[in-house]
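**Q** After the sequence you'll find the predicted model.
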Amino acid sequence: MEQINEYIKIHQERFLNELFDLIRIPSVSSLVKHKPDMQRAAEYWKKILLEAGVDQATIYQTPGHPVVFAEKIINKSVPTILVYAHMDVMPIDPIEKWLSDPFEPEVRDGKIWARGANDDKGQSFIHAKAFEYLVRSKTLPCNVKFMIEGEEEIGSTNLKKFCEDHKEMLKADVILVSDTGMIAKDTPSITSGLRGLAYWEVEVTGPEMDLHSGLYGGAVANPINELCKMVSKMTDAQNRITIPGFYDDVVEVSNKERLKLSQNPFDEIKYKEAIKVDELMGEEGYTTRERTGIRPTFDVCGIWGGYTGEGSKTILPSKAYAKISCRLVPNQDHEKIAGMFKEYFKSIAPKSVKVDVKIHHGGQGYLCPIDHPAYLAAEKAYFKVYGKMPVPVRSGGSIPIVSTFERVLGIKTILMGFGLESDAIHSPNENFHLENFFNGIRCVTQFYHFFGENG
């Protein structure tokens, strides 16, 4: 620990400058105008990994955005760790909510403020710098491979085929990911489970053109009104999802495990203060932690239609749209759920409108046994740095590709996250604690040592 602490102290300014150069690349994978920036990000990652000490690094083109692969093989008889991360970020809207330029990182109050500061540029850079230290100090105990993709925020559209096409190249004993979080700044945790995801875009059409609301209002269905009614029917008074058969494959968590989950420290008052809400809500019969970890959800992610410009325009709109998602729990198949939603949503539409449902990306949930050798190595690493054992938690978030790794590559993933709920990922003013960034480097170096001994 003394050696890594000294290395961080000497190089911390360089670490941050290099991270900031990556953050300055607006690698928004969902926007076509940023496609050149995705290539720039890939080239930057190749440069960083080569400088850190990999034997070779290659940019692979896909039908979408590129994938960077790099490796350092020290001895084929020792364990191999495959580090997965993503270089793409979410859009910055609404821009007016940002307190500083989202692609010009600033350090304030002990935090980095920028899009990608946490998700996933800051967290992925932890691995680049931990690896750099191990190589330069000649203490690297494992073979290491890196796979940095550019489509995580849009569902890792092309990564499954990439993995299928390069199974031999990607062979490893464990996949290591930092794209999750900790319970609190002083309470380490390891994410032992992730929810799955299903995502749709719906289009509701009334008349073939916008109509005068005075001449036609009250006689012709307003698609925005009807869309809102349909959405309201998707959950009941207990906030349970009403799609027939939706819960058939949900494995109910035992009372014993629910008791263990309840022992995780959680301050509801601070939780509400952090996100500026007065009251929480969700499925009846479950705590807030359970609702965001072991239960499925239904959410409208965006809704629009009609006139939204300055002033007023009295129309009855022709169309209304919404983007809708469900977080799924392990054992729920996202393709099955996607089809069930499409059938049900169309069935509850009145005959006065037409409904089209487009299925977007999705992914399965994931569980990692807490007695896996890599999980135990991660536990020891957190204990070494924080002086306390990490708590296993089930995250409400989804990293769809993680379940794909298990199905295609046959490799378990360990999720060593260092973010906090207050980091505002996907939102304006995303941030990442400097302390968590540097502690992450410390933890990852320790993971390598413990996994190298017993992996």
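**A** Looks like it arrived, so ask away. Remember, it's a predicted structure, so these values are computed and weren't measured experimentally.

**Q** quick one, strands of the stretch 201-350 of the chain?
**A** Using DSSP state E, counting those that start in this stretch, the strands assigned to the stretch 201-350 of the chain run over residues 211-212, 297-305, 315-316, 319-328.

**Q** can you redo those strands as TSV with mean pLDDT and distance to Ile414?
**A** Bear in mind the C-beta positions are built from the backbone N, C-alpha and C, glycine included. TSV is the format used below for the strands of the stretch 201-350 of the chain (pLDDT from 0 to 100; distance: least, Cβ to Cβ, whole Å):
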stretch	mean pLDDT	distance to Ile414
strand 211-212	97	57
strand 297-305	98	25
strand 315-316	97	54
strand 319-328	97	22
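
**Q** what about those strands, which gets the closest to Asn239?
**A** strand 297-305 (8.6 Å; Cβ to Cβ).

**Q** List of residues touching that closest one?
**A** The contact list for strand 297-305, computed with Cβ atoms under 8 Å, 6 or more residues apart in numbering, reads 199, 204, 223-224, 227-228, 231, 234-235, 241, 282, 291, 317, 319-327, 396.

**Q** repeat that with 6 Å
**A** For strand 297-305, the surrounding residues in contact (Cβ atoms under 6 Å, 6 or more residues apart in numbering) are 224, 231, 234-235, 241, 317, 319-327.

**Q** cool, and stretch 2-22?
**A** Residues outside stretch 2-22 that contact it (Cβ under 6 Å, 6+ apart) are Tyr44, Pro105, Lys121, Phe125, Lys129, Tyr133, Phe438, Arg442, Thr445.

**Q** ok, so of those, who is nearest Pro63?
**A** Among these, and counting by Cβ to Cβ, the member closest to Pro63 is Tyr44, at 21.8 Å.

**Q** related to what we said a few turns ago, nearest to Val253, out of the strands of the stretch 201-350 of the chain?
**A** strand 319-328 (14.3 Å).

**Q** other SSEs contacting that closest one?
**A** Contacts defined by 3 or more Cβ pairs under 6 Å, 6 or more residues apart in numbering; DSSP states H and E place strand 319-328 against strand 196-205, helix 223-232, strand 297-305.

**Q** nearest residue to Phe298 other than its sequence neighbours?
**A** Excluding its sequence neighbours, the residue lying closest to Phe298 (Cβ to Cβ, 6 or more residues apart in numbering) is Ile241, at 4.9 Å.

**Q** Show me the beta-bridge partners of the one you found.
**A** Thr235 (DSSP bridges).

**Q** Lys76: how many residues sit nearby?
**A** 7 (other Cβ atoms under 10 Å).

**Q** Is the spatially closest residue to it that is not a sequence neighbour bridged to anything, and to what?
**A** Leaving aside its chain neighbours, Lys76 sits nearest to Asn143 (7.4 Å; criterion: Cβ to Cβ, 6+ apart). Asn143 forms beta bridges with Thr80, as assigned by DSSP bridges.

**Q** From Thr80, how far off is Asn143?
**A** Here Asn143 is placed at a distance of 4 Å from Thr80 (Cβ to Cβ, to the nearest Å).

**Q** again with Gly245
**A** For Gly245, the distance to Thr80 - Cβ to Cβ - is 42 Å.

**Q** These two: which has the busier surroundings?
**A** More crowded of Gly245 and Thr80, by other Cβ under 10 Å: Thr80, with 20 against 10.

**Q** doesn't Asp173 make contact with that one?
**A** Yes. Here Thr80 reaches Asp173: they are 5.3 Å apart, a contact under Cβ atoms under 6 Å.

**Q** Could you list the domains of this structure?
**A** 2-194+365-454, 196-250+296-361 (automatic domain parsing).

**Q** elements contacting the helix or strand of the chain with the lowest mean pLDDT?
**A** Ranked by mean pLDDT, DSSP states H and E, the helix or strand of the chain with the weakest confidence is helix 255-262, at a mean of 76. Counting contacts by 3+ Cβ pairs under 6 Å, 6+ apart, helix 255-262 packs against no other helix or strand.

**Q** which other residues reach that helix?
**A** Residues contacting helix 255-262 (Cβ under 6 Å, 6+ apart): Arg289.
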